[in-house]
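Please find the sequence and the predicted model below.
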There are 2 protein chains.
Amino acid sequence: MDRFTDIGEFGFIDRIAAHAQRNRVLCGIGDDCAVMAAGQERVRLVTVDAMVEGVHFVPQAPPEGVGYKLLAASLSDVAAMGGKPTDAVVAVSASGNCDVGYVERIYNGLFACADRFDVAVVGGDTTRTSGALVLSLTLTGEMARDQVCYRSGAQVGDAVYVSGTLGDAVGGLGVVLGDVDLPDEVRTALLQRHYRPEPRLDLGQALAETRAVTAMIDVSDGVASDLSHICQQSGVSAVIRAAAIPMSRAFVKFCEVSGKEELDLALTGGEDFELLFSVSHKQVDKVEALAEAYSICRIGEIVAGDGSVMIEDGDGKRVLLEELGYDHFGG
Amino acid sequence: MDRFTDIGEFGFIDRIAAHAQRNRVLCGIGDDCAVMAAGQERVRLVTVDAMVEGVHFVPQAPPEGVGYKLLAASLSDVAAMGGKPTDAVVAVSASGNCDVGYVERIYNGLFACADRFDVAVVGGDTTRTSGALVLSLTLTGEMARDQVCYRSGAQVGDAVYVSGTLGDAVGGLGVVLGDVDLPDEVRTALLQRHYRPEPRLDLGQALAETRAVTAMIDVSDGVASDLSHICQQSGVSAVIRAAAIPMSRAFVKFCEVSGKEELDLALTGGEDFELLFSVSHKQVDKVEALAEAYSICRIGEIVAGDGSVMIEDGDGKRVLLEELGYDHFGG
């Protein structure tokens, strides 16, 4: 008997992906959002995310942060296609003993995020469960059909970029869980990135409008894992330069105090919700022009290969990244 | 501290409904589907439903039936607006010990239903939980903006109709749970209605096209409860005639053998997924014209009142229906 623990999340998704196909479905399971035709020129985007107490958030997590992040994570999926979010529905399964005030605080965080990004929360279902609190959210978005940024278009010679800084969210989790002795401003900065992640919607739309982006994904499992998704779906490999990985001062301080290896943690820590994308080398200027308005950083190149990701040190030595992030079931 | 057990599902939805409002949202929480403007003449419908092992389905339930019903219940919500379903996404939260084969059988049932009603299953999220299996499904649909059948339009003098027969699904649940000694064909008929409910999509669309329907809902909580939703949201009351309630022979046999009171069970048993609707008394002919193609039955009238439902016996005596179905938390 196969158990969920054995096959991993991605294996299970593959087993069911074959059923997603219909003419009106431009992209089913396998990208940040499903993409459906909406007339000749527009598409509708849909993404679903579930969060489980004890798995995706710890009991000591502030409930407002849990709710904010539930929606922000889905907004990041819409950002990764280059789209604009429109509306969301939420299903909550709570035990009869669950404190309504606690769930309301989760909703307060969710609505704070919805208000900020002009998303209408248009429906919900509340059900009883005997087990852990489960929240699932479905977000709908839209965009021009000819601007959608899939994961599968990276080409040899493309430049690889990432937005923002990496590792802060996992640093924030370290602050929540551990007894790391950090200055207040460092704690606050990391917790903010952990509980109030910033979906890069404006950047995603600006990138889609350049038409220079060949592939895009959001950093949810860690750059190592997420870049390997782009590579595998595009049939290429990638090299990233260790020295180019953007890190915040707060994150560097966290690693210093907690004794973590910076680069490992920056590349494998998930939930940064930054955008990771490849750009046609002939059109790099169009993307560089956005660097005034947005924090983006060129970290590597797409090369010929079989879907692997290599890291290059200061001496030009390349090493395969074996540790490719986190799989929810394979853990 | 308020607990979910105390306030009930409907109270909780009210608390959050205020946040659903945006210009592009024509109807947020409070109907079978949320309704969003999609251009000038069309609308997009969205509905979400969650099912929890041990609450919405028993461990001995065939997993294919669980999956089929998960989608069928949402299709019924789209039918109740008069719409056409397009695509669905599913979130599954399973424990690491959960048998993948069991979940695959749930998906097999879901896909059987999706294929039958031409719904694309375009996305999913699988997460680990320490507790019971939780499935949540979000279904999208579409229709003409001027044909949407809300719950809130019933007027004094309207006729009240229901499709199909009532009580079969709860009879099927009795067969699953109990040791009722029934002929095989009765067991099979009731189990079929319980695990393979028939969302009335064609009828819903045909009714919407007549433009004669003033309010519509699907029978998910039981006619008593669902008709009270129409009445409360329309600011009217309703009288239904006991003798007019449509029941199948299998259901009548089930009640006879198990000693259940037919009328009570037919009116309060949920998950029949039939359509319950009111029709302008001047336009009853348009709906009666559909009676050749569809099984529909006139069961009562809308009267002036404060949202209550009365039942009229053969002598014309009217009694308020106090027992108004099942509330997931208050239950």
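That came through, no problem.

From residue A:90, how far out is whatever residue of the stretch 101-250 of chain A ends up closest to chain B?
Going by Cβ to the nearest Cβ, chain B is nearest to residue A:131 of the stretch 101-250 of chain A, at 1.4 Å. Just so you know, the C-beta spots here come from the backbone N, C-alpha and C atoms, and that holds for glycine as well. Residue A:131 sits 18 Å away from residue A:90, going by Cβ to Cβ, to the nearest Å.

what about those two, which has more around it?
Neighbour count, other Cβ atoms under 10 Å in any protein chain shown: between residue A:131 and residue A:90, residue A:90 has more, with 27 against 22.

does that one really touch residue A:127, like I thought?
No - contact criterion Cβ atoms under 8 Å: residue A:90 and residue A:127 do not qualify, at 11.7 Å.

Which residues are in contact with each of these two?
Residues touching both residue A:90 and residue A:127 by Cβ atoms under 8 Å, 6 or more residues apart in numbering or on different chains: none at all.

Which strands and helices lie in contact with the one helix or strand residue A:174 maps to?
Following DSSP states H and E, one finds residue A:174 within helix A:168-177. The contact analysis (3 or more Cβ pairs under 8 Å, 6 or more residues apart in numbering or on different chains; DSSP states H and E) places helix A:168-177 against helix A:184-195, helix A:249-258.

Between these, which one is closest to residue A:165.
helix A:249-258 (6.5 Å; Cβ to Cβ).

Quick check: buried residues in that closest one?
Neighbour-count burial for helix A:249-258, counted by 16 or more other Cβ atoms under 10 Å in any protein chain shown, picks out A:250-255, A:258.

for the stretch 51-200 of chain A, what spans make up the helices?
With helices called from DSSP state H, counting those that start in this stretch, the stretch 51-200 of chain A shows them at A:63-79, A:100-116, A:168-177, A:184-195.

Can you give the distance from the shortest one to the centre of its chain?
Put simply, helix A:168-177 sits 16 Å off its chain's centre (Cα atoms, centre = their mean, to the nearest Å).

Pull it out as CSV, backbone CA atoms only.
C-alpha atoms of helix A:168-177 as CSV (Å, rounded to 0.1, in the frame of the first residue of the first chain):
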residue,chain,number,x,y,z
ASP,A,168,14.2,36.0,5.3
ALA,A,169,11.0,34.0,5.7
VAL,A,170,12.8,30.9,6.9
GLY,A,171,14.8,33.2,9.2
GLY,A,172,11.5,34.4,10.6
LEU,A,173,10.4,30.9,11.2
GLY,A,174,13.6,30.4,13.1
VAL,A,175,12.7,33.4,15.3
VAL,A,176,9.2,32.0,16.0
LEU,A,177,10.5,28.5,16.9
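
May I see the buried residues of it?
Counting neighbours by 16+ other Cβ under 10 Å, one finds that the buried residues in helix A:168-177 are A:168-176.

can you check the last one too?
By 16+ other Cβ under 10 Å, the buried positions in helix A:184-195 come out as A:186-187, A:189-195.

follow-up on the earlier one: I'd like the buried residues of helix A:249-258 as TSV, with distance to residue A:49 and pLDDT appended.
Shown next, in TSV, are those (distance: Cβ to Cβ, whole Å; pLDDT from 0 to 100):
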residue	distance to residue A:49	pLDDT
A:250	26	96
A:251	24	97
A:252	30	97
A:253	30	96
A:254	26	96
A:255	28	95
A:258	28	93
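
Show me the two of those that sit farthest apart.
Taking Cβ to Cβ, no two of the buried residues of helix A:249-258 sit farther apart than A:250 and A:258, at 12.2 Å.
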